[in-house]
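>>> have a look at this prediction, sequence included:
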Amino acid sequence: MKKLLKPVEPVLEKGLDTVGSFIHTHPKINFLFGALFGAFDGLLRSARETTHTQPFIRNNYDVKRFMGAVLVALVAGWVLPAMYFYGWQGVVSKLLVSFIIGIFVVDVIWAIIAREEHISEGGFVSCLFIPAILPPQAPLWLVGLGAALAIIFRNILGGVGNNLVNPALFSRLFLTICFPALLVTGYQTPFVGIPDLHTFRYGLDAVTHATPFTAFKTGGETTSYLSLLLGTANGSMGETCRLALILSGLWLIKMRVANWRIPASYLGSVLILSVFFSLILGRTVAPPLFQLLSGGLILGAFFMATDPITATYNQTAKWIFGAGCGLITVLIRNFTTLPEGVMYSILLMNLLAIPIQSLMVKIRYRV
Amino acid sequence: MSVKRCMRSYLSQPSFPRQKNVFVKKENTRFQGGFYLPDAYPLQFCSIIEDISSDGTPEMFQFKVPDQKVAHIIVNLCPTEPWALPNWVILKHKTPSFLNMLKEIKTNYFPGAVLSLAINEGECRTVEDAKKFASNEDWMRVFPLYAKYPQDDPVLLLKVILGIEVSFGQDTKSLGVLILDAQTVSAIYESCILRNKVDSRLIVLSGTGLKENEIVNVQLGTSIEKILKNKVKETGKYRVFINGPLRGNEITDLSQKINWSVNNIVVLEEKNRKVMFPMIKSDELILTTNLLGELRRCVYCNYCDNICPVDLEPALYYHSYTRGEKHKARLYNLEKCIECGLCSFICPSKLELLHIIKECKALDKQHEKIT
């Protein structure tokens, strides 16, 4: 590999240097493409900065790899399965709309208004989430609007590192309030089998069906656990293939990007509470395994709730945070008319994370 | 001379520490956090020891028996930094003769003291020999320790071996505890028991800026410039550190003379330029002074409190500091910090956490002076 890349290196290095100096000498180009070039350059080359204070050596692990790991896990966890189940064209077009509207339109306008030096590259993860948490038949304008709202909320709340709540979920909350009909319908039935050219491109034609949880609430029927696990049951675009989500989530935990305490406490509390309520109330409450595998719980537990910025910093508080998410999810799912509670639970606990964190700090240090 | 060392064998070299991880069996250590440095920085040394003499009159090693009564002696045979002096250089694979040296020092100077040996548990033969020796001597105890940095810090050594909590920077002699390393023990034996003159010490030279990692026998008072002569790579800029790049200091004046407190000299390449494809060429960047990443905002990743050996949450200090509330930092057990530098070392946002901690501590001292 090293030998293969050796002849390319001087050419590439020179090219990057030329482009870099061109961008830095032209403020307008720097404004629009500086961040993009910086991200690309950062991917290909190491930083130039050196240490000036103790310790003089640093570990080979940075935020870029952190973000890269999340992107890789999301692609493996939902983009690839969704391409199979719903056809690649829909997935790719939605991703393109989400990225272009979110990053190149809204973020750029924001940067102009806020007089920032250049756009930041932190919106990629949010924009990758937007199509995943909307129904497969959501129109493109809805995806674009969702991405725009997510980036606006992220910027209003202070950008990467300062988010109060998960911006992608917050934008979905907004869409749920504004366009309830679009978010209740449009759950396309996933394609199963060996795809031909047509289904590979478009998926199944416009066959929609209620989500497993809505079906349970209206008719009391449960979907088979295997189809929920493999992704052949319908739901939002990115939440159906739970097996891929669990595997990529576990990889994130192994890479120590996601903190294992949050998925463990979230899923654990959902399981315990649903067993508890099933024992007391019987069939009116969804069965525990069905609750674990349906809806956006797996996606939320491994990818949304673990977002370190919106969760608590203290490790003990993470258990409380996860358990709180689980409690709210089970309560909303079983005792309200809402079909799904993961989004509300994570958003609510994001807000509660601040008092929980300060309370834990007070208990721990007795201040 | 081939040196057989009973090292821990690892299947792979993870770029990340093994601790508090659900998938890895918990190690037999008595503190959480820390970092097993030889995993990330495996250093090999040339086995020939070169002598370097000073130009002027060499200084003498002098051992002063402390005024206070010594109740405990801790001999530290558990160097945790890969650039520190390895045990085999002093022990020469003859642990019993080293222990006999210790016995003689103890009977002559510290008759009432209890002696604790902290040994790297990876060096099985040394541990076995020491245990065999200690079974006949009731004043000696052996503690095999996992050589995870900063296990050899006085605060953690005292906590693990004697169960005493001391604060960072406190003089252990006032508690009746004397901590010695292997080289000091052999120097005490030479100078006080055999009455020979000791005017030189072994120093480990390592790092990416050198042609070869080696151990040299240097007369005290030799300048660093003379030691490094003809040993540094000609290409590129380099920076010199004494006593390791983690806890040690940078030396800009190379005419500085070395004394007994210098254990090792680490010369690192500066690498203040961009390197193509850092993913596949991490060996080119590792153990240089490059930041290995860009400066970002704190993302609350919990790496700093996972790695902290004294169970602190360094990100809290960072937040107090950036909010301009330095005085609040000391509410969060700031005085417990042993300044090992692991939080800054691990931080993926490359924040200068140790620098912030030191500044907050300095404020604490100012505050004490005023009140």
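It's in. Keep in mind that this is a model prediction, so the values were computed, not measured. Residues are numbered from 1 along each chain as shown, chains lettered A, B, ... in the order given.
>>> mind listing what residue A:224 touches?
By CB atoms under 8 Å, 6 or more residues apart in numbering or on different chains, the contact list for residue A:224 reads residue A:233. (Each C-beta comes from the backbone N, C-alpha and C, glycine too.)
>>> go again using 7 Å as the cut-off
With CB atoms under 7 Å, 6 or more residues apart in numbering or on different chains as the criterion, no residue contacts residue A:224.
>>> in the stretch 51-200 of chain A, which residue sits closest to chain B?
residue A:62 (2.7 Å; CB to the nearest CB).
>>> and the residue of chain B closest to chain A?
Counting by CB to the nearest CB, chain B gets nearest chain A through residue B:293, at 2.7 Å.
>>> ok, that residue touching residue A:47?
Yes: contact criterion CB atoms under 7 Å: residue B:293 and residue A:47 qualify, at 5.9 Å.
>>> what about residue A:80, distance to residue A:127?
For residue A:80, the distance to residue A:127 equals 17 Å [CB to CB, to the nearest Å].
>>> out of the two, which sits in the busier spot?
Counted by other CB atoms under 10 Å in any protein chain shown, residue A:80 and residue A:127 do not tie: residue A:127 has more neighbours, with 27 against 16.
>>> chain neighbours aside, what residue packs nearest to that one?
residue A:102 (4.1 Å; CB to CB, 6 or more residues apart in numbering or on different chains).
>>> got the confidence number for that neighbour?
Residue A:102 is assigned 90 on the pLDDT scale.
>>> domains of the chain?
All of this is about chain A. A:2-44, A:63-365 (automatic domain parsing).
>>> the intended chain is chain B.
Using automatic domain parsing, chain B is parsed into the domains B:63-193, B:200-285, B:303-370.
>>> ok so, going back, how many residues are close by the residue nearest to residue A:127?
29.
>>> ok, it touching residue A:151?
Yes: between residue A:102 and residue A:151 there is a contact under CB under 7 Å: 4.7 Å.
>>> for the chain, what spans make up the strands?
Just so you know, I chose chain A. Here chain A has no strands by DSSP state E.
>>> um, chain B though
So, for chain B - with DSSP E - the strands run B:46-52, B:72-77, B:114-120, B:140-145, B:177-181, B:200-206, B:214-219, B:238-242, B:249-251, B:264-269.
>>> before we move on, back to that, least reliable of the domains of chain A going by mean pLDDT?
domain A:2-44 (a mean of 81).
>>> pull the distance from stretch A:345-353 to the chain's centre.
15 Å (CA atoms, centre = their mean, to the nearest Å).
>>> got a list of what the residue of chain A most remote from its centre touches?
Largest separation from the mean C-alpha position in chain A: residue A:7, at 38.6 Å (CA atoms, centre = their mean). Contact analysis of residue A:7 by CB under 7 Å, 6+ apart lists nothing.
>>> so what pLDDT did residue B:324 get?
For residue B:324, pLDDT reads 88.
>>> wait, I meant residue B:9
The model's pLDDT for residue B:9 equals 33.
>>> before we move on, what about residue B:209?
So, for residue B:209, pLDDT stands at 90.
>>> and it, how many neighbours?
25.
>>> check residue A:355 too.
Residues lying near residue A:355 (other CB under 10 Å) number 11.
>>> how near is it to residue B:237?
To residue B:237, residue A:355 is 50 Å away according to CB to CB.
>>> who in the stretch 1-150 of chain A is up against chain B?
Contacts of the stretch 1-150 of chain A with chain B, taken as CB under 7 Å from any CB of the partner chain, map to A:1-2, A:5, A:9, A:12-13, A:42, A:44-51, A:53-64, A:66.
>>> are any of the residues you listed buried, and if so which?
Buried residues within those, defined by neighbour count using 16 or more other CB atoms under 10 Å in any protein chain shown: A:13, A:42, A:44-47, A:49-51, A:54-64, A:66.
>>> could you list which of these belong to helices?
Among those, DSSP state H puts A:13, A:42, A:44, A:63-64, A:66 in helices.
>>> what residues are up against residue A:170?
Residue A:170 touches A:153, A:347, counting by CB under 7 Å, 6+ apart.
>>> again, only using 6 Å
residue A:153 (CB atoms under 6 Å, 6 or more residues apart in numbering or on different chains).
>>> hmm, stretch B:346-364 in reach of chain A?
Yes: using CB under 6 Å from any CB of the partner chain, a contact is recorded between stretch B:346-364 and chain A, made by B:346, B:348-349, B:352, B:354-355.
>>> tell me where chain B is predicted with low confidence.
Within chain B, the segments meeting pLDDT under 70 span B:1-30, B:364, B:371.
>>> next up, the contacts around the residue nearest the centre of chain A.
The centre of chain A sits closest to residue A:129, judged by CA atoms, centre = their mean, with a distance of 4.1 Å. Residue A:129 sits next to residue A:168 when contact means CB under 6 Å, 6+ apart.
>>> how near is it to residue A:48?
32 Å.
>>> rewinding a little: skipping adjacent residues, who's closest to the residue of chain B closest to chain A in space?
Nearest to residue B:293 is residue A:62, by CB to CB, 6+ apart, at 2.7 Å.
>>> mind checking pLDDT for that neighbour?
Value listed for residue A:62 in the pLDDT field: 82.
>>> picking that back up, between residue A:102 and residue A:151, what contacts are shared?
With CB under 6 Å, 6+ apart as the test, residue A:102 and residue A:151 both reach residue A:123.
>>> skipping its backbone neighbours, what lies nearest residue 43 in space?
Using chain A. Using CB to CB, 6+ apart, the closest residue to residue A:43 is residue A:64 (7.4 Å).
>>> oops, I was thinking of chain B
residue B:82 (4.6 Å).
>>> try residue B:140
For residue B:140, ignoring the flanking residues on the chain, the nearest one in space by CB to CB, 6+ apart is residue B:134 at 4.3 Å.
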